[in-house]
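> with the input below, show me the fold.
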Amino acid sequence: MGSCLTDSQRIRLDRVSFAYTAGGRPILNDVSIEIPVGKVTALLGASGGGKTTVLRLLSGQYCAHAGRVDVFGTDVTDLPHAALYALRRRMGMLFQFGALFTDMSVFDNVAFPLREHTQLPDPMVRDIVLMKLNAVGLRGARDLMPSEISGGMARRVALARGIALDPQLMMYDEPFAGLDPISLGTAAKLIRELNDALGMTSVLVSHDVDETLAMADHVVILANGGVAIQGSPAQVRASHDPLIRQFIGGHATGPVQFHHPAVDLVTDLLGEANA
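Numbering: from 1, shown residues only. Reported below is the predicted structural model:
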């Protein structure tokens, strides 16, 4: 018999709506997503579909205009600053392209959250940093500067920094963007292994369909401001929905159109000429 989640464990969006401006186009409209605890959840969808917005809502960077955003049973919407700051200590984030501090060494980048959020003595900080760097295969690069390492290595350093505080929730924003096939495979393997070894819950935003479906436990595809489908990778692959088939197959034609809605081209050109 499986155990039931308590409210203090839940991570979910409950009928959430969000737009960047009042009265503007809704990025998310009445969206409900349950993030399985201890699993890797992938957020997929076309550009501008709200994937990164979900991460920013979970971390309290954005406030939902309607609905609840529960992280460990706490609604992060309009949470007081001190309480939000404390909650974020239980989260880790891997930003697009790593976002390392360019004037800090690899070691100091990973040590930064430990020095910022804890009172640990320097010898313990050193040990933790070396263990985290060892987990991503870069203990030998600790004295290098970000300008001296490759893009793939920078992403792994950023991952080590993200897990420095042993977060319960780890979020990844396009961790595979710009990586060569070897680095991409290495990053995917690390995300999967670290999630399982540390008992984390991971939420991953990606455009790399094949690699993501191969390593995720749960998949959510966002489209048109809502959830097009959510379920296991096998359930997503088996879907007969035209939008899902177009996205998974990367087809140019389908429900998602290449052209933004506009008047007929000839009409547009003639109208400009007669102006």
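> list the buried residues of stretch 203-212.
By neighbour count on 16 or more other CB atoms under 10 Å, the buried set for stretch 203-212 is 203-209, 211-212. C-beta: built from backbone N, CA, C; applies to glycine.
> typo on my end, it should be stretch 166-175
Those would be 167-175, for stretch 166-175 by 16+ other CB under 10 Å.
> need the contact list for the spatially closest residue to M200 that is not a sequence neighbour.
In space, and not counting its chain neighbours, M200 is closest to M170: 4.9 Å by CB to CB, 6 or more residues apart in numbering. M170 is in contact with 91-94, 162-163, 194-195, 200-203, counting by CB atoms under 8 Å, 6 or more residues apart in numbering.
> rewinding a little: among the buried residues of stretch 166-175, which lie within helices?
Using DSSP state H, no member of those falls in helices.
> and which of the contacts of M170 is nearest T267?
V203 (44.5 Å; CB to CB).
> wait, a helix at the closest one?
No - counting by DSSP: H, G, I helix; E, B strand; the rest coil, V203 is not part of a helix but strand.
> so it bridges to which residues?
T41, M171 (DSSP bridges).
> re earlier: what pLDDT does the residue nearest to M200 get?
The per-residue pLDDT reported for M170 equals 91.
> how about A187?
Note on A187: pLDDT of 83.
> same check on G24?
74.
> please apply the same query to I33.
Note on I33: pLDDT of 93.
> begin at 343, not 1, for the rest of this chat.
From this message on, residue numbering opens at 343, which makes the last subject I375.
> do I have it right that it meets L399?
No - taking CB atoms under 8 Å as the definition, I375 is not a contact partner of L399, at 10.1 Å.
> who touches both of the two?
Residues touching both I375 and L399 by CB under 8 Å, 6+ apart: L355.
> ok, those two, which is more surrounded?
L399 (24 against 21; other CB atoms under 10 Å).
> from H407, how far out is that one?
10 Å (CB to CB, to the nearest Å).
> do Q438 as well
25 Å.
> same check, this time on V499
36 Å.
> and G592, by the same measure?
33 Å.
> and those two? Which one has more around it.
Taking other CB under 10 Å, G592 and H407 do not tie; H407 has more neighbours (15 against 9).
> what separates stretch 449-456 from the chain centre, distance-wise?
The chain centroid and the centroid of stretch 449-456 are separated by 21 Å, computed with CA atoms, centre = their mean, to the nearest Å.
> with only the CA atoms kept, save that stretch in CSV.
Once non-C-alpha atoms are left out, stretch 449-456 reads as follows in CSV (Å, rounded to 0.1, in the frame of the first residue of the first chain):
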residue,chain,number,x,y,z
PHE,A,449,35.2,26.5,-5.6
ASP,A,450,33.9,29.9,-4.5
ASN,A,451,30.8,29.6,-6.8
VAL,A,452,29.8,26.3,-5.1
ALA,A,453,30.7,27.7,-1.6
PHE,A,454,28.6,30.8,-2.1
PRO,A,455,25.2,29.5,-0.9
LEU,A,456,26.8,27.8,2.1
